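*Asks:* pasting the sequence and the predicted model now:
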Amino acid sequence: MDANMTVSEQIGWRFGLRWVLLTIAGLIIGFIAGFVLGEIGLGYIGTETIMAAVVGFMQWLVLRRVVKIGGFWILANIIGFAISSSIHSAAIYIWKLPEDLGIGLGVIGWTIAFTIGGAISGIFQYRLLRRHFQKSLLWIPANAIGWGLGMGGMGIIILIFNMIKSSQFIILLLRESAPLFSLFISPVILGVITAGTLIWLIRRPTQQILDTATQK
């Protein structure tokens, strides 16, 4: 009974909440660290890669309490976003793709870049998850959608407030705080989608094991 309660705690709402909160912390810390280092010459590639690395580390801290998984989980994020940010930076330089999240085409570019990064890192992370859980292939689209929608949501919030033309103090305040507010929205979207997917993956084989034990 106690063992079952422990499993439930690990893969239930507490696991999901812990995952979302650390994803928020990871993205904010990673964004600040990446932005500072990006300003001294690393550019977008360094900024996105550092952010992905910190988020990956936070995710690994949560996941390792449930299943034995190596630090390659973090490296997968680094590889995925180093590749996607390189492609994005090339598109900005070669095709003059807008880099501003306050512009519609810029939002599309960032969303595609983060979707690609999530997909690539998801492929590598899937190779770790499949050793433990069935249907782990679902992690790839979930990770890609989570990262893509997270960045897209951030861009849309900034875009909406930039489109509001008003000199009222409250509107100006909201417009200036939109990037900060969106910085919380993005990891919530990413965290909820990926946490939900992981909980489903973890619960599925666990339930099969419990059913088999009950039948015996």
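*Replies:* In hand now; what should we look at?

*Asks:* OK, contacts around the closest residue to A33 other than its chain neighbours?
*Replies:* Spatially, and ignoring its direct neighbours in sequence, A33 is nearest to I50 (5.5 Å; CB to CB, 6 or more residues apart in numbering). C-beta coordinates here come from the backbone N, C-alpha and C atoms, glycine included. Residues near I50 by CB atoms under 8 Å, 6 or more residues apart in numbering: 30, 33-34, 37, 42.

*Asks:* just the helices from the protein, written as ranges.
*Replies:* Taking DSSP state H as the criterion, the chain carries its helices at 2-11, 13-37, 43-63, 72-94, 104-129, 139-163, 169-215.

*Asks:* need those in a markdown table (columns: mean pLDDT).
*Replies:* Shown next, in a markdown table, are the helices of the chain (pLDDT from 0 to 100):
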| stretch | mean pLDDT |
| --- | --- |
| helix 2-11 | 48 |
| helix 13-37 | 90 |
| helix 43-63 | 91 |
| helix 72-94 | 94 |
| helix 104-129 | 95 |
| helix 139-163 | 91 |
| helix 169-215 | 73 |
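
*Asks:* got the contact list for stretch 102-109?
*Replies:* Outside stretch 102-109, the residues that reach it (CB under 8 Å, 6+ apart) are 88, 91-92, 97-101, 152, 155-156, 158-159, 162.

*Asks:* show me the two of those residues that sit farthest apart.
*Replies:* The span of the contacts of stretch 102-109, defined through CB to CB, is set by A91 and N162 at 21.7 Å.

*Asks:* contact partners for P98?
*Replies:* 92, 105-106, 109.

*Asks:* now flag whichever of these is closest to G80.
*Replies:* G109 (17.1 Å).

*Asks:* just give me how far stretch 20-38 sits from the chain centre.
*Replies:* 11 Å (CA atoms, centre = their mean, to the nearest Å).

*Asks:* C-alpha coordinates for that stretch, CSV please?
*Replies:* Provided in CSV are the C-alpha atoms of stretch 20-38 (Å, rounded to 0.1, in the frame of the first residue of the first chain):
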residue,chain,number,x,y,z
VAL,A,20,6.3,22.8,-14.4
LEU,A,21,7.8,24.9,-11.6
LEU,A,22,11.3,23.8,-12.4
THR,A,23,10.7,24.3,-16.1
ILE,A,24,9.6,27.9,-15.3
ALA,A,25,12.7,28.4,-13.1
GLY,A,26,15.0,26.9,-15.8
LEU,A,27,13.7,29.0,-18.6
ILE,A,28,13.9,32.2,-16.7
ILE,A,29,17.4,31.5,-15.3
GLY,A,30,18.5,30.2,-18.7
PHE,A,31,17.1,33.2,-20.5
ILE,A,32,18.8,35.7,-18.2
ALA,A,33,22.1,33.9,-18.4
GLY,A,34,21.9,33.4,-22.1
PHE,A,35,20.9,37.0,-22.7
VAL,A,36,23.9,38.3,-20.7
LEU,A,37,26.3,36.0,-22.4
GLY,A,38,24.7,36.6,-25.8
